[in-house]
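# Coordinates only, no sequence provided:
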Ligand SMILES: [Zn+2]
């Protein structure tokens with residue numbers, strides 16, 4: 001690493017060549033080094049393109065049952081198909097309906113499958129909800145961080161598995177109806193087609209693309225020593241500090257029930273939830289693409305990839 005930093009330093013020095021005055025700030029230099037130092041297991045530009053697309057106004061905030069949700073669902077299915085992900089059911093779609101807050105909804109989970117090389121019956125479920133708040137009082141809630149970020153990360157996993165099949169089977173789950181009470185995850189867990197004991201863990205991503213303090217939280221390892229050790233011993237990716245917290249052991253909010261992983265927890269399936277702290281644009285129409293921190297996002301996704309690989313290799 002030291003040698004690498006020196007080389008990067010020399011390149012920076014050379015490119016200035018004493019002709020142009022170096023106006024790059026110290027922070028920007030650090031950021032450059034961090035960018036160069038991280039090797040991604042996925043196409044990091046595609047990750048950014050996908051979060052930008054899913055949080056575009058034309059997706060109208062991805063509210064369950066709307067055309068925007070349908071458009072998002074089709075976008076994810078197209079991506080899965082392109083990456084040769086297999087459907088778990090007859091198609092990638094797992095339709096369901098529910099009634100909440102005086103209204104009935106028709107919703108669709110998108111569920112993909114990747115066969116593991118170890119030929120075991122064990123499975124890791126990687127999940128992210130793709131629905132968001134839709135349009136309220138004429139304002140579009142684009143939900144770039146919540147949760148176009150996790151959904152784009154899910155697509156990055158699909159891309160990775162095409163060239164690097166996992167050891168264990170993997171289910172990629174893009175859940176619908178999260179914002180209306182974790183409905184998609186609830187339906188999925190209550191209608192499993194495999195014994196729940198065969199699910200090694202649920203890795204759930206919900207809001208992973210920005211943090212002023214560069215903190216990504218990992219919630220849920222207090223219940224499992226092996227997973228706790230993996231998170232504890234992970235190598236930091238760029239500026240992303242992965243912190244075990246928010247699981248009822250500290251004074252901070254307990255996030256055990258804050259997103260889809262709660263349904264796995266209730267079914268006694270281990271989980272790790274990855275997410276950032278609420279920010280000023282949380283559940284506001286200003287949760288837009290231009291607010292995300294692209295470098296943090298890429299490095300957060302790589303962090304989740306590394307944790308996945310460690311668990312898959314157990
Ligand atoms: Zn969310």
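Perfect, thanks for sending it. If you're wondering where the values come from, they're calculated on a predicted model, not measured in any experiment.

# Going by C-alpha atoms from here, please, whenever you check contacts or count neighbours.
Fine.

# and residue 57, what does it touch?
By CA atoms under 8 Å, 6 or more residues apart in numbering, the contact set of residue 57 is 140, 142.

# ok, 10 Å please
Residues near residue 57 by CA atoms under 10 Å, 6 or more residues apart in numbering: 68, 134-135, 139-142, 288.

# and what of residue 219?
So residue 219 contacts 203-204, 228, 231, 243-248, 254-256, 261, 271-275 (CA under 10 Å, 6+ apart).

# ok so, going back, most neighbours, which of the contacts of residue 57?
Most neighbours among these, by other CA atoms under 10 Å: residue 142, with 32 neighbours.

# gap between it and residue 58?
Distance, residue 142 to residue 58, using CA to CA, to the nearest Å: 9 Å.

# same check, this time on residue 264
Residue 264 is 32 Å from residue 58, by CA to CA.

# that older thread, would you format the contacts of residue 57 as JSON lines with secondary structure included?
Formatted as JSON lines, the contacts of residue 57 follow (DSSP: H, G, I helix; E, B strand; the rest coil):
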{"residue": "68", "secondary structure": "helix"}
{"residue": "134", "secondary structure": "strand"}
{"residue": "135", "secondary structure": "strand"}
{"residue": "139", "secondary structure": "strand"}
{"residue": "140", "secondary structure": "strand"}
{"residue": "141", "secondary structure": "strand"}
{"residue": "142", "secondary structure": "coil"}
{"residue": "288", "secondary structure": "coil"}
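
# Quick check: of the residues you listed, which lies closest to residue 175?
Nearest to residue 175 among the contacts of residue 57 is residue 68, at 14.6 Å by CA to CA.

# Mind splitting this structure into its structural domains?
The chain breaks down by automatic domain parsing into domains covering 1-37, 41-312.

# Can you say which of the ones you listed is packed in most?
Of all the domains of the chain, domain 41-312 carries the top mean neighbour count, a mean of 20, counting by mean count of other CA atoms under 10 Å.

# Most proximal residue of the stretch 201-314 of the chain with respect to the ion?
residue 206 (5.0 Å; CA to the ion).

# Next one: that residue, what pLDDT does it get?
In this model, residue 206 is scored at 98, pLDDT.

# can you list the residues of the stretch 201-314 of the chain near the ion?
The stretch 201-314 of the chain has residues residue 206 near the ion, with proximity defined as CA under 5 Å from the ion.
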